[in-house]
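1. let's see this in three dimensions:
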Amino acid sequence: MLTNLTAHWRKLSAVVVLFVGLSGQQAFAHAHVKTQVPAADTAVTGSPENISLDFSEGIELKFSKISVKDAQNKPVAAGKPELAEGNDTRLILPLTETLPAGIYHVEWKVVSVDGHKTNGDYQFTVK
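-> The predicted model follows:
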């Protein structure tokens, strides 16, 4: 009986260790924003030429997007999102118009190279 109980606890322990190990890997399997330019909740002097997001891992450009809207929720004119040359962790959105003073809202959705989807948003102000 003691042998059966010991075997049961060993199996249960192995399952718990496996579960904890796999859930730890899942936590790191998504691309998270490391830096933003302009940075979140900052005020910049003058209109930025582009929006740049650096992610914790590579992203798939064809499944990723960034949009910028003004305080009236009107889309800002922009080019197509692109990856920085030689860097699949930096997503850049060229802005094709000068942004007047105001608050701007950035929304992004990306798919990392391992297929996981993430999204987020932030705002910045142009003085």
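2. the helix or strand containing residue 92: what's the following helix or strand?
-> Secondary structure assignment for residue 92, by DSSP states H and E: strand 87-94. Elements were assigned by DSSP H and E; along the chain past strand 87-94, the next helix or strand is strand 102-111.
3. domains of this protein?
-> With automatic domain parsing as the criterion, the domains of the chain are listed as 1-30, 33-126.
4. weakest of those by average pLDDT?
-> Of all the domains of the chain, domain 1-30 carries the lowest average pLDDT, namely a mean of 52.
5. what about the helices in this structure?
-> Per DSSP state H, the chain has helices spanning 2-27. These are given in chain order.
6. distance check, the nearest residue to residue 110 once chain neighbours are set aside against residue 82.
-> For residue 110, the nearest residue in space outside its immediate sequence neighbours is residue 64; the separation is 4.0 Å by CB to CB, 6 or more residues apart in numbering. (Glycine included, C-beta is placed from N, CA and C.) Look at residue 64 and residue 82: by CB to CB, to the nearest Å, they are 10 Å apart.
7. over to residue 74?
-> For residue 74, the distance to residue 82 under the criterion CB to CB works out to 23 Å.
8. more neighbours: those two, which one.
-> In this view residue 74 and residue 82 are compared by other CB atoms under 10 Å, and residue 82 has more residues nearby, 13 against 9.
9. beta partners for the closest residue to that one other than its chain neighbours?
-> Beyond its immediate neighbours in the sequence, the residue positioned closest to residue 82 (CB to CB, 6+ apart) is residue 92, lying 5.3 Å away. Taking DSSP bridges, one finds residue 52, residue 82 as the beta-bridge partners of residue 92.
10. next one: residue 119
-> Beta-bridge partners of residue 119, as defined by DSSP bridges: residue 109.
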